[in-house]
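A.B. asks: sequence and predicted structure are below.
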2 protein chains.
Amino acid sequence: MTSHGVSATALHSIPIVKSGDDLVEIILDAIKREEINLVNGDVIVIASKIVSKSEDRFVRVKDVDISEQAREIAERNKFNPIHVELALRESAVVIKSDGVLIVETHSGLICNFSGVDKSNAPEEEYVLLPKNPDKSAELILQGLEKETGVELSVVISDTQGRPWRKGLVNVAIGCAGINAFKHNKGKSDLYGRVLKRSTVCQIDELASFVEPLMGQAGERIPVVIVRGYEYSDGVEKAVDINRTKESDMFR
Amino acid sequence: MTSHGVSATALHSIPIVKSGDDLVEIILDAIKREEINLVNGDVIVIASKIVSKSEDRFVRVKDVDISEQAREIAERNKFNPIHVELALRESAVVIKSDGVLIVETHSGLICNFSGVDKSNAPEEEYVLLPKNPDKSAELILQGLEKETGVELSVVISDTQGRPWRKGLVNVAIGCAGINAFKHNKGKSDLYGRVLKRSTVCQIDELASFVEPLMGQAGERIPVVIVRGYEYSDGVEKAVDINRTKESDMFR
């Protein structure tokens, strides 16, 4: 059975999140204020930026000492050396530092500049990605379910570039209560043939789903509720999306 | 202004599409049957498979002669030689043929096996991607607007893998009435700083948006209507998403 429709509803009254804020409380307050009733199966998609802020993942520009490696990469590419330094600190492996700075972060994410970002960050500060976004999602989910008694799931999203395709899209960097993938193996096609393989990254699709509502500028929509999306829970997390060096044929 | 919500509604009564079928007529019949009223700004997302079928992009297995190059790639990778042969015929450049068969198609799309596919294809036949999906989208849009008098847009979607991330997602391979990208340059962030660059691939996000409804097996949902998505028209087409060899830092 396929559902008839899926909807995405933006929360409009989330305040600017500060270090140490309780996201569960902030989200539930906004839901109450906006008179939304959560129902079983709702997916709460949260922009990574507010998760980072609540987890105090700020770095002040004046506190950053720049390493030799960061200076070299910055000079060669005309990048901001502080930005490069922070990206290197957050990275386990530098994959490419020529025209781009693609790394694998300590949490396993392959992305540009370790996701270190200045947009929507306070003056003279950078914001780092959450340290362990799957765990952050799990903690937020537990809090939301405890307070509401409703069976939910949580996806933490971030905006990323792609190697073959221009333009950014939202992807998922953390999840809880929902499996990262949807496995179609064993389903039959229109002509009754059984699919041998077909694995869809459903949490990435959910993250993309809500980007138009969240926006990239000062829209102030860091939380979107998706309803009517049929998914199953499972043990595959956002971290499992990232290809390992061995399975990544383009490294 | 950000809209409050976006919805995606599946059309459930589209019949199996055959060669030469008029998609405009088929879509409008289903919309009428399902008592849906189109409104200005609705985005009609169409699975590439039915566009291909209507454009007679079938190839019968027994009509395929296998070239030396196709046989070599197939043997080396244990791929089906007919599948490889068709993928090569549809390709302008072979980017990687070791473990995968990544090509740039004649229409400029970078993808696995030129998008040549057997799922949801009749027995003993393969389905090729539409020859010029942006043009297909334009023709369908013209037909829909002429018949309804409503201002719409059309996105043609296909399911694709990614180099760094596991699992397939839907992306856009054709569009009309909507710009491929959303440009955030010049918008202000939460702290009033102006974004220097931020280009989102909105038609890819729209395509991902509807995959959960379309599915990959025999769901029979090749058309989904997206409502409430704020977009602008423009000259950037789906073909412009593909990085050229010069701008693709991973080739």
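C.D. replies: Received, thanks. Numbers count the residues shown, from 1 in each chain, chains lettered A, B, ... in the order given.
A.B. asks: so how far is residue A:229 from the one residue in the stretch 51-200 of chain A that gets nearest to chain B?
C.D. replies: Distance from chain B to each residue of the stretch 51-200 of chain A (Cβ to the nearest Cβ) is smallest for residue A:167, at 2.9 Å. The way it works is simple: take the backbone N, C-alpha and C, and place the C-beta from them, glycine included. Distance of residue A:167 to residue A:229, given as Cβ to Cβ, to the nearest Å: 24 Å.
A.B. asks: now do the same contact list for the residue of the stretch 51-200 of chain A closest to chain B.
C.D. replies: For residue A:167, the contacting residues are A:161, B:180, B:181, B:199, B:200, B:201, B:202, B:204, B:241, by Cβ atoms under 8 Å, 6 or more residues apart in numbering or on different chains.
A.B. asks: for the nearest residue to it once chain neighbours are set aside, phi and psi?
C.D. replies: Nearest in space to residue A:167, with sequence neighbours left out and distances taken as Cβ to Cβ, 6 or more residues apart in numbering or on different chains, is residue B:201 at 2.9 Å. Per-residue torsions, residue B:201: phi -90, psi 90 (degrees, to the nearest 10).
A.B. asks: where in the stretch 101-250 of chain A is pLDDT low?
C.D. replies: For the stretch 101-250 of chain A, the stretches with pLDDT under 70 are A:249-250.
A.B. asks: can you give me the strands in chain A?
C.D. replies: Remark: strands assigned in chain A by DSSP state E are A:5-10, A:43-47, A:58-60, A:91-96, A:102-105, A:110-112, A:125-127, A:153-160, A:169-176, A:182-183, A:199-200, A:223-227.
A.B. asks: deepest-packed of these, please.
C.D. replies: Among those, strand A:169-176 has the highest mean neighbour count (mean count of other Cβ atoms under 10 Å in any protein chain shown), at a mean of 28.
A.B. asks: show me what the spatially most central residue of chain A is bridged to.
C.D. replies: Of all residues in chain A, the one closest to the mean position by Cα atoms, centre = their mean is residue A:157, 2.4 Å from it. Beta-bridge partners for residue A:157, by DSSP bridges, are residue A:47, residue A:172.
A.B. asks: my read: it touches residue A:50, true?
C.D. replies: No. Contact criterion Cβ atoms under 8 Å: residue A:157 and residue A:50 do not qualify, at 10.7 Å.
A.B. asks: chain center to the top helix by length along chain A, what's the gap?
C.D. replies: Taking DSSP state H as the criterion, chain A has its longest helix at helix A:133-148. In terms of Cα atoms, centre = their mean, to the nearest Å, the centre of helix A:133-148 is found 15 Å from the chain centre.
A.B. asks: now do the buried residues in it.
C.D. replies: By neighbour count on 16 or more other Cβ atoms under 10 Å in any protein chain shown, the buried set for helix A:133-148 is A:133, A:134, A:136, A:137, A:138, A:139, A:140, A:141, A:143, A:144, A:145.
A.B. asks: dump those into TSV; add distance to residue A:102 as well.
C.D. replies: What follows is the buried residues of helix A:133-148, written out as TSV (distance: Cβ to Cβ, whole Å):
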residue	distance to residue A:102
A:133	19
A:134	21
A:136	23
A:137	24
A:138	28
A:139	29
A:140	28
A:141	30
A:143	34
A:144	34
A:145	36
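A.B. asks: just put those residues in JSON lines and tack on distance to chain B.
C.D. replies: Output for the buried residues of helix A:133-148, formatted as JSON lines (distance: Cβ to the nearest Cβ, whole Å):
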{"residue": "A:133", "distance to chain B": "14"}
{"residue": "A:134", "distance to chain B": "15"}
{"residue": "A:136", "distance to chain B": "19"}
{"residue": "A:137", "distance to chain B": "17"}
{"residue": "A:138", "distance to chain B": "20"}
{"residue": "A:139", "distance to chain B": "24"}
{"residue": "A:140", "distance to chain B": "21"}
{"residue": "A:141", "distance to chain B": "20"}
{"residue": "A:143", "distance to chain B": "24"}
{"residue": "A:144", "distance to chain B": "20"}
{"residue": "A:145", "distance to chain B": "22"}
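A.B. asks: tell me which two of these sit farthest apart.
C.D. replies: A:133 and A:145 (18.3 Å; Cβ to Cβ).
A.B. asks: on that earlier part again, in TSV: the strands of chain A, plus distance to residue A:83.
C.D. replies: Listed next are the strands of chain A as TSV, based on distance: least, Cβ to Cβ, whole Å:
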stretch	distance to residue A:83
strand A:5-10	30
strand A:43-47	20
strand A:58-60	10
strand A:91-96	12
strand A:102-105	12
strand A:110-112	11
strand A:125-127	7
strand A:153-160	16
strand A:169-176	19
strand A:182-183	36
strand A:199-200	34
strand A:223-227	27
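A.B. asks: quick one: which of those is nearest residue B:189?
C.D. replies: When these are compared by Cβ to Cβ, strand A:125-127 sits nearest residue B:189, at 11.4 Å.
A.B. asks: on contacts alone, who are the packing partners of the closest one?
C.D. replies: With contacts taken as 3 or more Cβ pairs under 8 Å, 6 or more residues apart in numbering or on different chains; DSSP states H and E, strand A:125-127 sits against helix A:48-54, strand A:58-60, helix A:81-89.
A.B. asks: circling back: contacting residues around the longest helix of chain A?
C.D. replies: Identification of contacts with helix A:133-148 by Cβ under 8 Å, 6+ apart yields A:22-24, A:27-28, A:38, A:44, A:46, A:48, A:51, A:55, A:107, A:130, A:150-156, A:173-177, A:237-239.
A.B. asks: rerun at 7 Å
C.D. replies: A:23-24, A:27-28, A:38, A:44, A:46, A:48, A:51, A:55, A:107, A:130, A:151-156, A:173-177, A:237-239 (Cβ atoms under 7 Å, 6 or more residues apart in numbering or on different chains).
A.B. asks: from residue B:196, how far off is the residue lying closest to residue A:80 once chain neighbours are set aside?
C.D. replies: The shortest distance from residue A:80 to any non-neighbouring residue, by Cβ to Cβ, 6+ apart, is to residue A:74 (6.6 Å). Going from residue A:74 to residue B:196 by Cβ to Cβ gives 17 Å.
A.B. asks: which one's more surrounded, the two?
C.D. replies: Neighbours were counted for residue A:74 and for residue B:196 using other Cβ atoms under 10 Å in any protein chain shown; residue A:74 has more, 19 against 10.
A.B. asks: end to end on stretch A:205-225, go ahead and measure it.
C.D. replies: Terminal residues of stretch A:205-225 lie 14 Å apart, using Cα to Cα, to the nearest Å.
A.B. asks: oh, that last question was meant for stretch A:121-132, not what I typed.
C.D. replies: Stretch A:121-132: ends 20 Å apart by Cα to Cα.
A.B. asks: give me the distance from that stretch to the chain's centre.
C.D. replies: A distance of 14 Å separates the centroid of the chain from that of stretch A:121-132, by Cα atoms, centre = their mean.
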